[in-house]
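> okay, here's the prediction I keep looking at, along with the sequence it came from:
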There are 2 protein chains.
Amino acid sequence: MIDHPAFPIHPWRLSETYLDRDVMAQTESLFALSNGHIGLRANLDEGEPNVVPGSYLNSFYEVRPLPYAEAGYGYPEAGQTVVNVTNGKIIRLLVDDEPFDVRYGALRFHRRTLDFRTGILTREVEWESPTGCAVRVRSQRLVSFVQRALVAIHYEVEPVDCTADIVLQSELVANEPLPPSVLDPRAAAMLTAPLAAELHDQSDGRIVLVHSTKASMLRMAAGMDHIVDGPEKTQVHAEAAEDLGRLTVATRLEPGKKLTLHKMLAYGWSSERSAQALRDQVDGALASARWHGWEAICKDQKAYLDDFWGRADVELEGDGELQQAIRFAMFHVLQSAARAEGRAIPAKGLTGPGYDGHTFWDAETFVLRALTYTTPAAVRDALTWRQSILPLARDRARLLGLGGATFPWRTIRGEECSGYWPAGTAAFHINADIADACVRYRFATDDESFEHDAGLEILIETARLWRVLGHHDLEGKFRIDGVTGPDEYSALKDNNVYTNLMAQRNMLAAADAVERHSIQAAKLGAGAEEAASWRDAAAAMHIPYDEALDVHPQAEGFTRYQVWDFEHTPPDHYPMLLHYPYFDLNRKQVVKQADLVLALELRGDYFTSQEKARNFDYYEPLTVRDSSLSACTQAVIAAEVGYLDLAYDYMGEAGLMDLHDLEHNVRDGVHMGSLAGVWLAAVWGFGGMRDHDGKLSFAPRLPAALENLVFRITYRGRRLRVGVVHHEATYVLTEGLPMEVNHYGEEVTVSIEAVTMPIPPAPKRERPLQPPGRAPTRRGVLRL
Amino acid sequence: MIDHPAFPIHPWRLSETYLDRDVMAQTESLFALSNGHIGLRANLDEGEPNVVPGSYLNSFYEVRPLPYAEAGYGYPEAGQTVVNVTNGKIIRLLVDDEPFDVRYGALRFHRRTLDFRTGILTREVEWESPTGCAVRVRSQRLVSFVQRALVAIHYEVEPVDCTADIVLQSELVANEPLPPSVLDPRAAAMLTAPLAAELHDQSDGRIVLVHSTKASMLRMAAGMDHIVDGPEKTQVHAEAAEDLGRLTVATRLEPGKKLTLHKMLAYGWSSERSAQALRDQVDGALASARWHGWEAICKDQKAYLDDFWGRADVELEGDGELQQAIRFAMFHVLQSAARAEGRAIPAKGLTGPGYDGHTFWDAETFVLRALTYTTPAAVRDALTWRQSILPLARDRARLLGLGGATFPWRTIRGEECSGYWPAGTAAFHINADIADACVRYRFATDDESFEHDAGLEILIETARLWRVLGHHDLEGKFRIDGVTGPDEYSALKDNNVYTNLMAQRNMLAAADAVERHSIQAAKLGAGAEEAASWRDAAAAMHIPYDEALDVHPQAEGFTRYQVWDFEHTPPDHYPMLLHYPYFDLNRKQVVKQADLVLALELRGDYFTSQEKARNFDYYEPLTVRDSSLSACTQAVIAAEVGYLDLAYDYMGEAGLMDLHDLEHNVRDGVHMGSLAGVWLAAVWGFGGMRDHDGKLSFAPRLPAALENLVFRITYRGRRLRVGVVHHEATYVLTEGLPMEVNHYGEEVTVSIEAVTMPIPPAPKRERPLQPPGRAPTRRGVLRL
């Protein structure tokens, strides 16, 4: 995408300088706006052409039956699919009765810019109608971070060189037509006409439509209000019907004269509130928005983002493209979570219908990891959502014959929606991933009230799960058999190292938390005996090791499997899951995404440096990165073991995953985990940051191509700024009391006085090879 | 069932002395008639009441889409389901306009008998109509073994004590209503109205209906012809419509006077022949049947069965119930295969819609094993069918990225219909099972022309599969990873011992066959180099062994898994697959059905006696026998290692599997594999017969409860009769040249002179325990 000539590099913006309909699907996702509650794909104001029209409300879903060719005990019968809700971003334009449509007439220019500091998507168009009258359109759109229910749109049109009859139609459209489904398991099962009309209402140009879903019985309201500024004789007419709200503005404009429309759009949904209550809710939000006005709303948005960038910005010198990519990434990560407030963070955020709008382990392992140190309040919200679904997770565990709780592999509302258990339900590591996010959040915030109110319960229930999921064998080792680890080209293996190490941490953390909060733990039925049994199991945890090869097998026996025949795997047979049966992928040495290498990152405290290096070298030639969740992890460990240029290439891949549409599915939404991974590649990779057991440490080191890296983190109420150049790193607090950090094994006290420490040279080691054709694109070589 | 008071024990018959509608579903299957081409459930003549009406033609199926909640590469998209074809067994009766229906009026008596020597199902009823007129009905039904397309019915009715208006309606009914589907994965997806009418025709009381299926595009014809014998004024009227053919006979009978109807029913189907050709085909069959007449048809049937029992009968003294059970079993096994002629043998034969009418590995491993030594021509037919589907199996292998051929786990026509690959498609052992059946057939028949024409190709293609499915690891061992063995509570394991040993035999047998038929092999592209690579792989085959426990793990790592908590598994939680997730069953030590123990049977040549005993002892407490394919195998090995009473109990379980409806699903058809297993329990178990490498051996030994066992086998053109009493065994040929057999390690020449050999005493060993509540019913204790 960015290497498309229409997309110039800019440190603070994503811009498109002309319209290429071949990449329209991708831009709909990349330029999408969201605050974590509302999500709007970047469809054109006039509605058409589009590829995937999309307006989403977090956790507003429909249920659909999950069919099975052969049924089995415990298979989820109902799936959940994100619903394309009432589209309120449509503003149609007619020029002398000719509809403004980029497919007709002539586009003199067409520019779009998403500004990461203002949070506004701006579009500027000059279009000549088929009858030869040219108009200039300028629209701006934002989804407010400050007012959770609000979208604000500024729209203006002026004739360039002719006097024209101008009609604007500002609409709310429910049940808009959707593109046909594609046969990709990663895409969504999109629903046709999911909304049943319940109520429509209009007065004074304020229009509200209330709909509900047919099976999930959720109710939503979308409302709009307008301020019109045009010539004196401008006429305005409002109307509302079941699936259509429309404000029509008609006027006649002379060249250089403008018609301006401020459109306020508000959404609300509930599983409980009545249609009338929801109507009133959005009417109220509209009244408040109107009271603030467009300018103030923009100002608030800017202030919110200034604060965000002030605590979260990453500066990279030496690679303008990556500088843009990391800010793009952080902007989307923020958008996915900022106002989710007790709802899930989907794998695609609210930027598209991919994966049915489900949340997975990506949220905790990638997205929340980046947010923990930049926007911790969003992490608290997200983990509180996890706690809120514990009753469902407990029920699911009981259904599976297990103890504690098993969180769903994929879900919107909380029920397991995974229709293929070997890949989904058996990937129990998600429970440890959630627990780990709780532990990390507490270390990074000292937020004991969260642990008391929510984290403790999550830790206890997940520890209980591991305790019954595993067992002690005859030799006393604690084994966890028959589970699926992160690598989705492996399933149902014994003693997956990642899973076992994360379960170990989970059980130890739960035991510690029970000690810290013994009274609250007692209310949850957990005491010293149970904690002791977790500690015992953790201490006896079986971590397989291949003595002959001197590496850790991803799971028991993995290193004895046949190595995949990469030589004879044609380039167009990636992603492999679309060209080879799971059967064969699962029983050979081929890795979709970092698994053992992710263990090296998250459980880096378990491995020696030598083990990390040997393991990384072993898994590199086996890892095809058919998942967007791999490059960022490989970047972090490549940097740690000294392959700085390789780490840089991987960071480039993570950074351009969506911008260059490397996986050819950005049309369905951006990859939030990978976007968070860009931050991880920078901060955990080149910044060398780790936070094991609440001990913050850094081992920063830059690749040759980068001159300077500056990142900011929030940690235990402090704001820490770290600057890295090739030979030294500088630590300084911009807020908060002095604290200890570890720099390459040395304790350093950091305060508002900057302290600079030397960086030891990287070990010289020969860069490992990837499977043929699967090496990441070399950045240094191609660009500098 | 037999322990139901209506079902008396008889050595040569299955009888029902009164009608109990609670067991009607079961009797529909148990009394079903078939010749392997046509199958008729034992629905009442008058059509209703019924539970599952069923008329089947072997391999006449409809396709249906196989749905997936999450799709994947290589998943079969179309399933095949057996079709309930035009029902021609209906003869309705009206007595003074009251329909004869056992639900109304009064049944004075109602008896049904299936005679294993005549092959005729006889029904005798005395029924008093609601108006008080009693009639006696006697009907007889047979599906001809001699005329493959033919069903013959004799029906007579007489008033007992009143003069009555009698109307008979002999019908052909297409698309009869079916019961609603049940939610049991082992049941079929029954199809509503699967037949599209193409042609109907009638002349002189001969009526034909031709229909075709809508998606599979198969065409079938059902025709009937009649001979009516009644009082002078009897009127006969024939009519035909799209889905109904009907011959109506009206008369008035005085007490003691009879109306007799001989109904000839013929079926034909084709994927290619026209409706007219099929019509003529069944018309022709009817003409021939009419020429023979009822008496001659019955005589031919009897002669066919006399020949069968003469070469296949098993006599058991000391247990009348088992004597009946084994003849019942052999009768059904014969019915399933006799005239299948190039079609599959379904798991339920043609006795019900269970498992969608699919064939599985049961056919080769159980059914064909029993038939090899009793009806070898049917084995040749069945394996020739396997050869005929090799093109499909090769395509499937290629789709899976494999070489050679992969036979479908479940199918009717040959396409893979398994909708859950970890359980189905990954169970590659079926390929070795088919190869093994070819090897066994050749040893038992010396039929070199079969090997040349069909067996060789099967052996080569399956050996090719194994060669690429496995690989040599760094230590040079040949491993087969990630496959599913016979035990369906295990999936996707490495080096399943059964699979590896069967693959080893497969590859060696293929190499030998290539040597024997080098010219034909060359035509199939196989030569010495390829054969050598099979021998190498077979020699290097990795068979895991647990040195600490001194047993063979079912698959790598199995003996380190957690033992299932049988103590806390309630009795109503069996079969476990309906109450526990596959996830948990797969990762624990719990065995659905003999797997390693089946290896002890089929690859008995690999194991020492001590290993057999230790392995059997290890797996007994883990094996729950939730599959009907387990008890018979456990019987064979229990007998071999010396647990004669346990073997006897297991033989009892296999023998009563269907007669007592032990798995509660006989309504969907009898379990053909288990029925063949009764013969195996007798002949391989107590007869101790083995046939490794073409060396026929016996180690017979009886449990205390049995006084005498006599069995007959056909081997290389000889007919051998073996009589076993407690201390000695007698071998005699009733046909053929003298031959060598092995009796307890000693070579014995057998000829028409009987030779008697002593039987050494069984070793004294303590009977192993089964999981709590899962011990087989003790026969000796309860009955003697």
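Nice, I can see it. All of these numbers come straight from a predicted model, not from anything done at the bench.
> would you map the helices across the stretch 601-750 of chain A?
A:609-619, A:631-641, A:644-656, A:672-680 (DSSP state H, counting those that start in this stretch).
> need those in CSV (columns: mean pLDDT and mean neighbour count).
All C-beta atoms are positioned from the backbone trio N, CA, C, and that covers glycine. Formatted as CSV, the entries for these read as follows, by pLDDT from 0 to 100; neighbours: other CB atoms under 10 Å in any protein chain shown:
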stretch, mean pLDDT, mean neighbour count
helix A:609-619, 98, 19
helix A:631-641, 98, 29
helix A:644-656, 97, 27
helix A:672-680, 98, 30
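> for B:Ile519, which of those is the nearest?
helix A:609-619 (48.6 Å; CB to CB).
> and the closest one, what other elements does it pack with?
Based on contacts counted as 3 or more CB pairs under 8 Å, 6 or more residues apart in numbering or on different chains; DSSP states H and E, the elements that helix A:609-619 packs against are helix A:596-602, helix A:631-641.
> now distance to A:Ala32 too, for these, in JSON lines please.
Formatted as JSON lines, the helices and strands packed on helix A:609-619 follow (distance: least, CB to CB, whole Å):
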{"stretch": "helix A:596-602", "distance to A:Ala32": "28"}
{"stretch": "helix A:631-641", "distance to A:Ala32": "21"}
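> out of these, which is closest to A:Pro575?
Minimum separation from A:Pro575 across these (CB to CB) falls at helix A:631-641, 13.7 Å.
> tell me what the closest one is packed against?
Helix A:631-641 makes packing contacts with helix A:596-602, helix A:609-619, helix A:644-656, helix A:672-680 when contacts are defined by 3+ CB pairs under 8 Å, 6+ apart.
> would you turn these into TSV with distance to A:His664?
Formatted as TSV, these follow (distance: least, CB to CB, whole Å):
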stretch	distance to A:His664
helix A:596-602	24
helix A:609-619	25
helix A:644-656	13
helix A:672-680	14
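> still on that earlier bit, could you dump the helices of the stretch 601-750 of chain A to TSV with distance to B:Ala594?
Formatted as TSV, the entries for these read as follows, by distance: least, CB to CB, whole Å:
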stretch	distance to B:Ala594
helix A:609-619	39
helix A:631-641	44
helix A:644-656	50
helix A:672-680	46
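> for A:Lys477, which of those helices is the nearest?
Minimum separation from A:Lys477 across the helices of the stretch 601-750 of chain A (CB to CB) falls at helix A:609-619, 19.2 Å.
> what residues does that closest one touch?
Applying CB atoms under 8 Å, 6 or more residues apart in numbering or on different chains, the set of residues contacting helix A:609-619 from outside is A:549-552, A:554, A:559, A:591, A:594-597, A:600, A:604, A:607, A:637-638, A:640-643, A:765, A:768.
> list the contacts for the residue of the stretch 601-750 of chain A found nearest chain B?
Closest contact between the stretch 601-750 of chain A and chain B, by CB to the nearest CB, is at A:Asp626 (12.4 Å). By CB under 8 Å, 6+ apart, the residues touching A:Asp626 are A:489, A:574-577, A:592-593.
> check those against chain B, which are close?
Cross-checking the contacts of A:Asp626 against chain B (CB under 8 Å from any CB of the partner chain) gives A:Leu577 as the overlapping residues.
> which one of the contacts of A:Asp626 has the most neighbours?
Most neighbours among the contacts of A:Asp626, by other CB atoms under 10 Å in any protein chain shown: A:Tyr489, with 27 neighbours.
> helix, strand, or coil at that one?
For A:Tyr489, the secondary-structure state derived from DSSP: H, G, I helix; E, B strand; the rest coil is coil.
> distance check, it against B:Pro76.
With the distance defined as CB to CB, to the nearest Å, A:Tyr489 ends up 21 Å from B:Pro76.
> ok, A:Asp204 next?
With CB to CB as the criterion, A:Asp204 and B:Pro76 are 60 Å apart.
> so these two - more neighbours on which side?
Neighbours were tallied for A:Asp204 and for B:Pro76 using other CB under 10 Å; the higher tally belongs to B:Pro76 (24 against 9).
> residues contacting the closest residue to the more buried one other than its chain neighbours?
Of all residues beyond its chain neighbours, the one nearest B:Pro76 is B:Glu416 (4.8 Å), with distances taken as CB to CB, 6 or more residues apart in numbering or on different chains. With CB under 8 Å, 6+ apart as the criterion, the residues that contact B:Glu416 are B:76, B:396, B:406, B:408-410, B:424-425.
> just the residues you listed: which are in helices?
B:Arg396 (DSSP state H).
> tell me which of the contacts of B:Glu416 is nearest to A:Val724?
Looking at the contacts of B:Glu416 and their distance to A:Val724, the nearest is B:Thr425, at 51.9 Å (CB to CB).
> for the closest residue to that closest one other than its chain neighbours, give me phi and psi.
Closest residue to B:Thr425 apart from its sequence neighbours, by CB to CB, 6+ apart: B:Ser418 at 5.3 Å. Here is the backbone geometry of B:Ser418 (degrees, to the nearest 10): phi -80, psi 120.
> buried ones in the host helix or strand of A:Gln387?
Element membership for A:Gln387 (DSSP states H and E) is helix A:376-388. Residues of helix A:376-388 classed as buried under the neighbour-count rule (16 or more other CB atoms under 10 Å in any protein chain shown) are A:376, A:378-387.
> and it, what does it pack against?
Helix A:376-388 is packed against helix A:320-337, helix A:368-372, helix A:429-445, helix A:448-450, helix A:456-469, with contacts defined by 3+ CB pairs under 8 Å, 6+ apart.
> and for that helix, what are the contacting residues?
By CB under 8 Å, 6+ apart, the list of residues contacting helix A:376-388 from outside reads A:36, A:334, A:337-338, A:340-345, A:363-364, A:368, A:371-372, A:407, A:414, A:434, A:437-438, A:441, A:444-445, A:447, A:450, A:453-455, A:457-458, A:714.
> out of those residues, which end up buried?
Of all these considered here, the ones buried according to neighbour count by 16+ other CB under 10 Å are A:36, A:334, A:337-338, A:340-341, A:343-345, A:363-364, A:368, A:371-372, A:407, A:414, A:434, A:437-438, A:441, A:444-445, A:447, A:450, A:454-455, A:457-458, A:714.
> phi, psi of the residue of the stretch 301-450 of chain A at minimum distance from chain B?
Closest to chain B within the stretch 301-450 of chain A is A:Gly419: 2.3 Å, counting by CB to the nearest CB. According to degrees, to the nearest 10, the main-chain angles of A:Gly419 amount to phi -90, psi 10.
> and the stretch 51-200 of chain A, which of its residues are near chain B?
When proximity is defined by CB under 8 Å from any CB, the stretch 51-200 of chain A lies next to chain B at A:66-76, A:79, A:183, A:185.
> mind doing that once more with 7 Å?
Counting by CB under 7 Å from any CB of the partner chain, the residues of the stretch 51-200 of chain A close to chain B are A:66-74, A:79, A:185.
> surely the residue nearest to B:Thr425 touches B:Gly424?
Yes: between B:Ser418 and B:Gly424 there is a contact at 2.6 Å, judged by CB atoms under 7 Å.
> what do those two both touch?
The contact sets of B:Ser418 and B:Gly424 overlap at B:409-410 (CB atoms under 7 Å, 6 or more residues apart in numbering or on different chains).
> what's around A:Glu529, how many residues?
Per other CB under 10 Å, the neighbour tally for A:Glu529 reads 7.
> picking up where we left off before, quick one: secondary structure of the residue nearest to B:Pro76?
At B:Glu416, secondary structure determined by three-state DSSP is coil.
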